[in-house]
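K.L.:
Here is a sequence with its predicted model. Questions after.
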Amino acid sequence: MKNILLMIILALLNISCNAKKNYQIINGQAMGTNYQIKFNNILNKSISKSSIDSIFQNLNSQMSTYDPKSEISLFNKSKDNFKISNEFEHVINKSKYWTKKTSGAFDITIFPLLSIWGFGPFSQGKITKIPAEYLIKDKLDFIGSDNIFVDNNILIKQNHNIAIDVNAIAKGYGVDVVFEFLKKYKIKDLMVELGGEIRAIGKNQFGKTWSYGIETPSLDPQTQTNYDFIIELENRSMATSGDYRQYSMINEKIYSHTLDPRTGYPSINNVASATVLSPKCIDADALSTSLMILEIDEGLKLIESIDDVEALIILRDNDSYKTIKTSGMKIKTGMNN
């Protein structure tokens, strides 16, 4: 499951006592994590928390592998074709698009591998030894997005052992859906955040550009609240993936929860965290996961080839870190809490 690698520090650089009175804040829980929404309700529209919760609950009922009655869970259990909702179909098609663009580094058919590595809804907890090679090879037989198709809301699997997990893209989509819902109210200053995935437009309640801190990807929880970089967002989305909150430690070696669907093993490119900016959060979500898996040069080349998309990659280098960013990525030096 994608982790909350990002702590929002809205207006951290320009805190003022003159916050706009019309700003509304909605907090809640959804899709297995927390959300926060801030917007300038200058037209005094009646926007309730229940309306936001309803959107998230609808998406959760379609795409949560932790809900045994969700569409995705029922599809995974099925041995045949399965009818799905429009939103779920969109996420499937977008996922297959990114599978092709990343040469298989992003693949939602990864689900069969999760439990043997100690992740996902059927995990028995963190593992203490590397899974047997034959187990991994057995699961790899059912990995590959070419094994699933969508036709008029019918999700088709080539083999009854195929199972999917959209956790690496669904939260970003959830952010987009709520964002677009609120935009219908002609809101010009808006921020939607779900589990560290963010989309923002306009200014914050202090009249400044929305500002966010990127956590130090440390394995020590006491230093995870240090912010090495500040990123400003204006009409952009941002998603961050990392290896430092969900992982297994085996023989003093870190095994990330981000699995390479091409090999069946955790990624080994030394990426501690990857942050992606893009117009839509669904794309930032998928790409940040992809950068955790792709070789560094390959990942940077991919991001540079996509219009209006930028990335910041933090590499683990023994006891220190080094950063690599795309040509258009603008960052500021952060601060520690």
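P.N.:
That came in fine, so what should we check first? Note that this is a predicted model, so its numbers are computed, not measured. Numbering: from 1, shown residues only.

K.L.:
Mind listing residues that contact the helix or strand containing Pro112?
P.N.:
Here Pro112 sits within helix 111-114, counting by DSSP states H and E. With contact meaning C-beta atoms under 8 Å, 6 or more residues apart in numbering, helix 111-114 is reached by 65, 76, 120, 122-123, 136, 139-140, 142-143, 161, 163-165, 259, 261, 264. For the C-beta atoms, the positions are set from N, CA and C on the backbone; glycine is no exception.

K.L.:
Report the buried members of those.
P.N.:
Among the contacts of helix 111-114, those that count as buried by neighbour count (16 or more other C-beta atoms under 10 Å) are 65, 76, 120, 136, 139, 142-143, 163-165, 259, 261, 264.

K.L.:
I'd like to know which of the residues you listed is nearest to Asn34.
P.N.:
Taking C-beta to C-beta as the measure, Asn34 sits nearest to Thr65 out of the buried ones among the contacts of helix 111-114, at 19.1 Å.

K.L.:
List the contacts of the residue positioned nearest the centre of the chain.
P.N.:
Most central in the chain under C-alpha atoms, centre = their mean is Asp285, positioned 3.9 Å from the mean C-alpha point. Each residue near Asp285 by C-beta under 8 Å, 6+ apart is listed here: 2, 168-173, 197, 239.

K.L.:
in a helix, that's where Ile37 is, yeah?
P.N.:
No - secondary structure assignment (DSSP: H, G, I helix; E, B strand; the rest coil) places Ile37 in strand, not in a helix.

K.L.:
Over to the closest residue to it other than its chain neighbours: give its phi and psi.
P.N.:
Setting aside the residues directly before and after it, Ile37 is nearest to Ile26 in space (C-beta to C-beta, 6 or more residues apart in numbering), at 4.4 Å. For Ile26, the backbone dihedrals are phi -120, psi 120 (criterion: degrees, to the nearest 10).

K.L.:
circling back: just give me how far the helix holding Pro112 sits from the chain centre.
P.N.:
18 Å (C-alpha atoms, centre = their mean, to the nearest Å).

K.L.:
Using PDB, list the CA coordinates for it.
P.N.:
This file holds the C-alpha atoms of helix 111-114, laid out as PDB (Å, rounded to 0.1, in the frame of the first residue of the first chain):
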ATOM      1  CA  PHE A 111      -1.500  -8.700  -6.300                       C
ATOM      2  CA  PRO A 112      -0.500 -12.400  -6.200                       C
ATOM      3  CA  LEU A 113       3.000 -11.400  -5.100                       C
ATOM      4  CA  LEU A 114       2.100  -9.200  -2.200                       C
END
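
K.L.:
so the closest residue to Ile198 other than its chain neighbours is in which element?
P.N.:
Distances taken as C-beta to C-beta, 6+ apart put Met238 closest to Ile198, at 4.8 Å, once the chain neighbours are dropped. Met238 is located in strand 236-242, with elements delineated by DSSP H and E.

K.L.:
name the helices or strands packed onto that strand?
P.N.:
Packing partners of strand 236-242 (3 or more C-beta pairs under 8 Å, 6 or more residues apart in numbering; DSSP states H and E): helix 167-183, strand 197-201, strand 210-215, strand 271-278, helix 281-291.

K.L.:
thought Phe149 was touching Ile162?
P.N.:
No - the pair Phe149 / Ile162 is not scored as a contact, 10.7 Å apart, by C-beta atoms under 8 Å.

K.L.:
Who has more neighbours out of those two?
P.N.:
Comparing Phe149 with Ile162 by other C-beta atoms under 10 Å, the one with more neighbours is Ile162, at 22 against 15.

K.L.:
How are the helices of this protein distributed by residue range?
P.N.:
In the chain, helices defined by DSSP state H lie at 49-63, 71-77, 86-101, 111-114, 133-140, 167-183, 281-291, 296-304, listed in chain order.

K.L.:
Report the contact partners of the residue lying closest to Ala170 once chain neighbours are set aside.
P.N.:
Counting by C-beta to C-beta, 6+ apart, the nearest residue to Ala170 once its immediate chain neighbours are dropped is Met63, at 4.6 Å. Residues in contact with Met63 (C-beta under 8 Å, 6+ apart) are 70-72, 87-88, 91, 166, 170.

K.L.:
show me where pLDDT drops low in the stretch 101-250 of the chain?
P.N.:
Counting by pLDDT under 70, the stretch 101-250 of the chain has low-confidence residues at 218-227, 244-250.

K.L.:
And His257, its phi and psi?
P.N.:
His257 has phi and psi values of phi -80, psi -10 when expressed as degrees, to the nearest 10.

K.L.:
what's the burial count for it?
P.N.:
His257 has 24 neighbours, counted by other C-beta under 10 Å.

K.L.:
right, and it touches Phe119 too?
P.N.:
Yes - because the distance of 4.9 Å satisfies C-beta under 8 Å, His257 is recorded as touching Phe119.

K.L.:
so the residue nearest to Ile198 bridges to which residues?
P.N.:
With DSSP bridges applied, the residues forming beta bridges to Met238 are Ile198, Leu277.

K.L.:
Correct me if wrong: it contacts Glu193.
P.N.:
No - the pair formed by Met238 and Glu193 falls short of the contact definition of C-beta under 8 Å, at 9.3 Å.
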